[in-house]
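In: coords please:
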Amino acid sequence: MSIFSINDNSNYGSILSQAKANKESKENSKISFANAFLKQNASKLNEIQNANSQTLVRSEVLNSTNTTNTSNNTNFSISSKTSSPNYDIS
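Out: Below is the predicted model:
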């Protein structure tokens, strides 16, 4: 025979119901936290994407400007200096 006996079935049912409610509450709390975490990360990713898009546009504009300036300039020069004057290349 068990040391513990439950004589009141309604009390036992109430304890089980409360335990189940507590477990569900903890699970819901974890789910709520996970959802909030995901929303926050999605928001941060969206900010990063917007910043990257703006950076890409600026880069393309600068690239386009540099390409236009370079193509209009017909005076190209490559020069290199060495330690010996006999091997200078201009």
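In: Okay, helices next: where are they in this structure?
Out: For the chain, applying DSSP state H gives helices covering 9-72.
In: show me where pLDDT drops low in it?
Out: For the chain, the stretches with pLDDT under 70 are 1-10, 67-90.
In: and if we set it to 90?
Out: Residues of the chain meeting the criterion pLDDT under 90: 1-17, 57-58, 60-90.
In: distance of S25 from Q18?
Out: Distance from S25 to Q18, counting by C-beta to C-beta, to the nearest Å: 10 Å. (Glycine included, C-beta is placed from N, CA and C.)
In: where do the contact lists of the two overlap?
Out: Listed as contacting both S25 and Q18 by C-beta atoms under 8 Å, 6 or more residues apart in numbering is no residue at all.
In: For K26, give me its contacts.
Out: In this structure, K26 makes contact with no residue, judged by C-beta under 8 Å, 6+ apart.
In: how much space between it and Q18?
Out: K26 is 13 Å from Q18, where distance means C-beta to C-beta.
In: do the same with L45
Out: As judged by C-beta to C-beta, L45 and Q18 stand 41 Å apart.
In: Likewise for K39?
Out: Applying C-beta to C-beta, the value for K39 to Q18 is 31 Å.
In: same deal with I31?
Out: Taking C-beta to C-beta as the measure, I31 and Q18 are separated by 20 Å.
In: what does F33 give?
Out: Distance from F33 to Q18, by C-beta to C-beta: 23 Å.
In: How about E27?
Out: The value you get for E27 to Q18, if C-beta to C-beta is used, is 15 Å.
In: for S43, same thing?
Out: With C-beta to C-beta as the criterion, S43 and Q18 are 37 Å apart.
In: just A42 next, same as before
Out: In this view, A42 and Q18 are 36 Å apart by C-beta to C-beta.
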